[in-house]
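Enquirer: sequence isn't available, so here's the structure alone:
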């Protein structure tokens, strides 16, 4: 009985305290700046005062939580801005031009809406909170727009007609502000329970609701474009950019016209948070049901991958995968085959890690940190320690090292032997190393599993190949048999093109079995056992005459291409159940942090 009474008091107490605090605050505000307007405006001010009091009570009650403290401070600020607008208006009406008064009023209401939405981000894990707060923000912006329109039109001061509509809209917005703030405290929590094949929906819900964005990488690096309104404009802009480029090919392949594709783009963009490029690259026009299981770069590259990796931040195992020198040393120490490093070059200083004779071969230079081959140099051996560089000039080893010293100002470079493809796959490329991308993911016991394999050809390393919209070509590899699937590119413009034969050489690819696949897969597993502090890793592996060689591991892997070439979303792949188990752990961890 006592416990029940205490529970009821805990629920009712904050309401009583907030309402009681609102009365003296309202009286004080009235003495400082008497409101000379209608009863609607007086009611609006009182509702805002109750909302601010409620937020202040919660701020005190949750002061130990940094997340909740910041959120309730923003909630109080949103109501304070409404009060400021109400109490500044009587002075501004008589002291400033109508346009200035309406402009300041609109700015205060829009700022209040922005503060409320920022507050709501911390409580998006509760049902209905963001619906209420977004609705409140929409009404507030509409009221501000109406007020501004009246000012621009030179409407009189009379509180009738459209002016009365504006007053009512402001009161409704204030009531909705208060409702949102109350729901942030009492609304039921979301369960985040999805079917395993709906892992894409789950990932996006966690990403947005739990504020997992750590760094804006995709589809734009500018954080402001992830904010409400800006994000929605960007979604439309991306859709309008890709629609004319891919709509014709999709219509010819599927019969789905441009209007239906545009409707799809709006649906996946505004309902599911999937950008227009992903709609085409992941073949979502084929089957809308694929949306639920598809994971995109928006959530994975911008923060979800990092949150998953942080689950094992305190587990044993090597973590550093970005520094290629340390990566190679860790592989060497644990017997994992990796590309050797002959020398490092940093700020003009060369540190040779191997004997001079070891350099008497084709050489490949890239940055010690960095991905994607953005800065590379090739030196083809044409004689004893004599090379042809990328420009066709003949240089000796000393000249190579001097050139790298100059190039290394402000950079850290590594010099490696240039690896050669195994004869069984040499015909798939002219100059470039064929890269096998392998995804591995730990289970809850900490054992790694191969979930995806991809053959990938980077066109920028093949200057003699025809220029196309595709930067890469690739095909899926059956992880059980090593069989190649159909080849395809990575551009939305060519999303409907699938090749049984190599698009540049004409060699048959689909149905071919990679005889070295078991060794390649085992090399990826061996590497993940070393780097076991990482939950999932995308490995780049070469296959040479000596066997597989680990080139690098990516702890922020791109799921996009794995799904693209397999034509299967993560939720329907072997990665889905493994990843879903880790999302269970991540959800429990992050909800506990917000328990207050």
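Expert: Nice, I can see it. Here the structure is a predicted model, which is why all the values come from computation and not from measurement.

Enquirer: pLDDT averaged over stretch 569-583 - what is it?
Expert: Taken as a whole, stretch 569-583 has a mean pLDDT of 95.

Enquirer: name the residues of it that are buried.
Expert: 569-580, 582-583 (16 or more other Cβ atoms under 10 Å). Every residue, glycine included, has its C-beta placed from N, CA and C.

Enquirer: what's the closest non-adjacent residue to residue 269?
Expert: residue 235 (4.1 Å; Cβ to Cβ, 6 or more residues apart in numbering).

Enquirer: so what touches the strand or helix carrying that neighbour?
Expert: Using DSSP states H and E, residue 235 sits within helix 230-254. Helix 230-254 is contacted from outside by 219-220, 224-225, 256-258, 261-262, 265-266, 269-270, 275-277, 279-280, 285-286, 492-497, using Cβ atoms under 8 Å, 6 or more residues apart in numbering.

Enquirer: ok, back up a step: separation between the residue nearest to residue 269 and residue 229?
Expert: Separation of residue 235 from residue 229 (Cβ to Cβ, to the nearest Å): 11 Å.

Enquirer: who has more neighbours, the two?
Expert: With neighbours defined as other Cβ atoms under 10 Å, residue 235 and residue 229 compare such that residue 235 has more, 21 against 12.

Enquirer: tell me where the stretch 451-596 of the chain has strands.
Expert: All strands of the stretch 451-596 of the chain, identified by DSSP state E, counting those that start in this stretch, fall at 472-477, 484-489, 536-544, 547-554.

Enquirer: mind checking the SS state of the residue nearest the centre of the chain?
Expert: In the chain, the residue lying closest to the centroid (Cα atoms, centre = their mean) is residue 302, at 2.7 Å. Using DSSP: H, G, I helix; E, B strand; the rest coil, the structure places residue 302 in helix.

Enquirer: show me what contacts the closest residue to residue 551 other than its chain neighbours?
Expert: Spatial nearest neighbour of residue 551, excluding adjacent residues (Cβ to Cβ, 6+ apart): residue 540 at 4.2 Å. By Cβ under 8 Å, 6+ apart, the contact set of residue 540 is 435-437, 550-554.

Enquirer: that older thread, and the nearest residue to the residue nearest to the centre of the chain once chain neighbours are set aside, what pLDDT?
Expert: Closest residue to residue 302 apart from its sequence neighbours, by Cβ to Cβ, 6+ apart: residue 213 at 5.0 Å. Confidence at residue 213, expressed as pLDDT, is 87.

Enquirer: count residues in the vicinity of residue 213, would you?
Expert: Residue 213, neighbours per other Cβ under 10 Å, totals 18.

Enquirer: go on, residue 375?
Expert: For residue 375, the count of nearby residues is 12 (other Cβ under 10 Å).

Enquirer: pretty sure it sits against residue 369.
Expert: No. With contact defined as Cβ atoms under 8 Å, residue 375 does not count as touching residue 369 (10.9 Å).

Enquirer: re the thing from before, so which of the contacts of helix 230-254 belong to helices?
Expert: With DSSP state H as the criterion, helices contain 258, 261-262, 265-266, 269-270, 276-277, 279-280 from among the contacts of helix 230-254.

Enquirer: looking at the strands of the stretch 451-596 of the chain, which is closest to residue 209?
Expert: Judged by Cβ to Cβ, the one of the strands of the stretch 451-596 of the chain that comes nearest to residue 209 is strand 536-544, at 21.7 Å.

Enquirer: and the pLDDT at residue 541?
Expert: 97.

Enquirer: that one against residue 547, yeah?
Expert: No. Assessed by Cβ under 8 Å, residue 541 is found out of contact with residue 547, at 10.2 Å.

Enquirer: more neighbours, those two?
Expert: For residue 541 versus residue 547, neighbours defined as other Cβ under 10 Å are more numerous around residue 541 (26 against 13).

Enquirer: nearest residue to the more buried one other than its sequence neighbours?
Expert: residue 436 (4.7 Å).

Enquirer: A strand includes that neighbour, no?
Expert: Yes. Counting by three-state DSSP, residue 436 falls inside a strand.

Enquirer: how about it: which residues does it bridge to?
Expert: In this entry, residue 436 is beta-bridged to residue 455, residue 541, by DSSP bridges.

Enquirer: for it, what are its contacts?
Expert: By Cβ under 8 Å, 6+ apart, the contact list for residue 436 reads 453-456, 477, 520, 540-543, 548.

Enquirer: just residue 126 next, same as before
Expert: Counted by Cβ under 8 Å, 6+ apart, residue 126 has contacts 183-184, 187-190.

Enquirer: any chance of TSV for the residues you listed, columns neighbour count, distance to residue 114 and secondary structure?
Expert: Formatted as TSV, the contacts of residue 126 follow (neighbours: other Cβ atoms under 10 Å; distance: Cβ to Cβ, whole Å; DSSP: H, G, I helix; E, B strand; the rest coil):
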residue	neighbour count	distance to residue 114	secondary structure
183	20	19	helix
184	27	16	helix
187	17	21	coil
188	9	26	coil
189	12	25	strand
190	17	24	coil
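
Enquirer: and these as CSV, adding distance to residue 391?
Expert: Output for these, formatted as CSV (distance: Cβ to Cβ, whole Å):
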residue, distance to residue 391
183, 65
184, 62
187, 65
188, 66
189, 62
190, 59
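
Enquirer: ok, back up a step: what about the residue nearest to residue 551, distance to residue 417?
Expert: Plainly put, residue 540 is 16 Å away from residue 417 if you go by Cβ to Cβ.

Enquirer: and if you look at residue 142?
Expert: From residue 142 to residue 417 the distance is 66 Å (Cβ to Cβ).

Enquirer: the more surrounded of the two?
Expert: Legend: neighbour count by other Cβ under 10 Å for residue 142 and residue 417, higher for residue 417 (19 against 16).

Enquirer: sorry, back to before: can you list the buried residues in the helix holding residue 235?
Expert: Buried, per 16+ other Cβ under 10 Å, within helix 230-254: 231, 234-235, 238-239, 242-243, 245-247, 249-251.

Enquirer: now those residues as a markdown table including pLDDT?
Expert: Below are these laid out as a markdown table (pLDDT from 0 to 100):
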| residue | pLDDT |
| --- | --- |
| 231 | 85 |
| 234 | 94 |
| 235 | 94 |
| 238 | 96 |
| 239 | 96 |
| 242 | 97 |
| 243 | 97 |
| 245 | 95 |
| 246 | 96 |
| 247 | 96 |
| 249 | 95 |
| 250 | 96 |
| 251 | 96 |
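
Enquirer: using JSON lines, lay out those together with distance to residue 128.
Expert: Shown next, in JSON lines, are the buried residues of helix 230-254 (distance: Cβ to Cβ, whole Å):
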{"residue": "231", "distance to residue 128": "21"}
{"residue": "234", "distance to residue 128": "26"}
{"residue": "235", "distance to residue 128": "23"}
{"residue": "238", "distance to residue 128": "29"}
{"residue": "239", "distance to residue 128": "29"}
{"residue": "242", "distance to residue 128": "34"}
{"residue": "243", "distance to residue 128": "34"}
{"residue": "245", "distance to residue 128": "39"}
{"residue": "246", "distance to residue 128": "37"}
{"residue": "247", "distance to residue 128": "37"}
{"residue": "249", "distance to residue 128": "42"}
{"residue": "250", "distance to residue 128": "37"}
{"residue": "251", "distance to residue 128": "40"}
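
Enquirer: off-centre distance for the helix or strand hosting residue 81?
Expert: Residue 81 belongs to helix 66-95 when assigned by DSSP H and E. Centroid separation between helix 66-95 and its chain, computed with Cα atoms, centre = their mean, to the nearest Å, is 32 Å.
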